[in-house]
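Asker: quick one, what's the 3D model for this:
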Amino acid sequence: MPRGDGTGPAGQGPGTGRGAGGRGQGQGRGMGAGAGGNCVCPACGEKLAHGRGVPCQDMTCPKCGARMVREA
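Answerer: Numbering: from 1, shown residues only. The predicted structure follows:
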């Protein structure tokens, strides 16, 4: 990478030979299931649409008050 623009030869330069570091793995982020789908109550079976940015386990069932889980 003579100009520092990422056009150098493949397999050389920073980031090679260092395992998974710097490749997006292990950055402390949860493995979310995406924005679609439903949250379901394990106690009574009530279903709610999953909201983006709101984990199902942070929601409570409007019928019985139990914590919701993600529908499989």
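Asker: OK, contacts around K63?
Answerer: 41, 44, 46 (CB atoms under 8 Å, 6 or more residues apart in numbering). For the C-beta atoms, the positions are set from N, CA and C on the backbone; glycine is no exception.
Asker: burial measure for the second one, as a count.
Answerer: Put plainly, it is C44. Close neighbours of C44, defined as other CB atoms under 10 Å, add up to 12.
Asker: which residue is the nearest non-sequential neighbour of it?
Answerer: C64 (4.8 Å; CB to CB, 6 or more residues apart in numbering).
Asker: for the first one, same thing?
Answerer: Counting by CB to CB, 6+ apart, C41 lies nearest to C61, which is 3.9 Å off, once chain neighbours are set aside.
Asker: distance check, the one you found against D5.
Answerer: Remark: distance between C61 and D5 (CB to CB, to the nearest Å) = 53 Å.
Asker: mind checking which of these two has more residues around it?
Answerer: Taking other CB under 10 Å, C61 and D5 do not tie; C61 has more neighbours (19 against 7).
Asker: give me the distance between the more buried one and P55.
Answerer: Distance from C61 to P55, by CB to CB: 14 Å.
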